[in-house]
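Colleague: could you look at this predicted model? Sequence included:
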Amino acid sequence: MSEVSQKLDVSVWRGDAAGGTYQRFDVPAQDSQTILDVVSWIQQYADATLTYRFACRVGMCGSCAMMVNDVPRWTCRTHVKKVLKDGKLRIGPLRNLPVIKDLAADMDPFFDKWVAAGGVHSPSASRDEPMPAIDPASEIRVEASAGIECINCSVCYAACDTVAGNPDYLGPAALQRAWTLYNDEKHGNRQGILDAVSGAGGCHNCHSMGSCTTYCPNELDPMSAIAGLKRETAKSFFRRRR
């Protein structure tokens, strides 16, 4: 990166679960600079105590997700020029999650809900049985395949206003995973998924605002997956009442 003369006015959230505030830094502007580059420069040259999380830097792991000017984004794939407002940046930890320290959010509640929604695969056959052939073009497989690129970065969870207003809501990522497994012909407990997502905090809490789909960096569609779960749980309810 070649340096240019101007500076970036960057406010970074500092604190932990007990509270905190934004701290201002002057960061040299550079060509092709990402938000993760900005955060790394602060940690390396301005304040070594700044805590944040990242791994791959190429949009594969999702661990670098943060709030950038109040929008959840992968910081490794977000270029400064795309989001800079009047020469200023505001960087914080992901919304709707507890903060461990500074920019590092606690992902435990996110993954606890992923499990609670039935996100763990239940085999329909033993390892000794032959693997059944799956038609990749079948309607049910197409539905399952639509969500398998989710990397659990929690951007959709941070974008969700329903999660913000209802901490018990399972959230779009967990519900999309549930829909993926529900449509997986090799999954052995499809009814268990419907039971898991139809209770308090389940799919019917979704207000269909669509922030999850709007902000997903992988261009997935959790809102449609949640709509699918609403349909199937309603069908299951009426079947049981017959």
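Modeller: Done, it's in.

Colleague: the longest helix in the chain is where?
Modeller: helix 222-241 (DSSP state H).

Colleague: packing partners for that one?
Modeller: Packing partners of helix 222-241 (3 or more Cβ pairs under 8 Å, 6 or more residues apart in numbering; DSSP states H and E): helix 172-182, helix 190-197, helix 211-215. Yep, even glycine has a C-beta here, placed from its N, CA and C like the rest.

Colleague: what's the pLDDT at the spatially most central residue of the chain?
Modeller: Most central in the chain under Cα atoms, centre = their mean is residue 154, positioned 1.9 Å from the mean C-alpha point. You'll see residue 154 listed with a pLDDT of 98.

Colleague: ditto for residue 123
Modeller: You'll see residue 123 listed with a pLDDT of 84.

Colleague: count of residues packed around the closest residue to it other than its chain neighbours?
Modeller: In space, residue 123 comes closest to residue 188 once its chain neighbours are excluded; the distance is 5.5 Å by Cβ to Cβ, 6 or more residues apart in numbering. Per other Cβ atoms under 10 Å, the neighbour tally for residue 188 reads 12.

Colleague: ok, and what's touching the lowest-mean-pLDDT helix or strand in the chain?
Modeller: Lowest by mean pLDDT, DSSP states H and E among the helices and strands of the chain is strand 3-16, with a mean of 87. With contact meaning Cβ atoms under 8 Å, 6 or more residues apart in numbering, strand 3-16 is reached by 20-31, 38-39, 42, 50, 80, 84, 87-93, 99-103.

Colleague: give me the buried subset of these.
Modeller: When the contacts of strand 3-16 are checked for burial by 16 or more other Cβ atoms under 10 Å, the buried set is 23, 25, 27, 29-30, 38-39, 42, 50, 80, 84, 89-93, 99-103.
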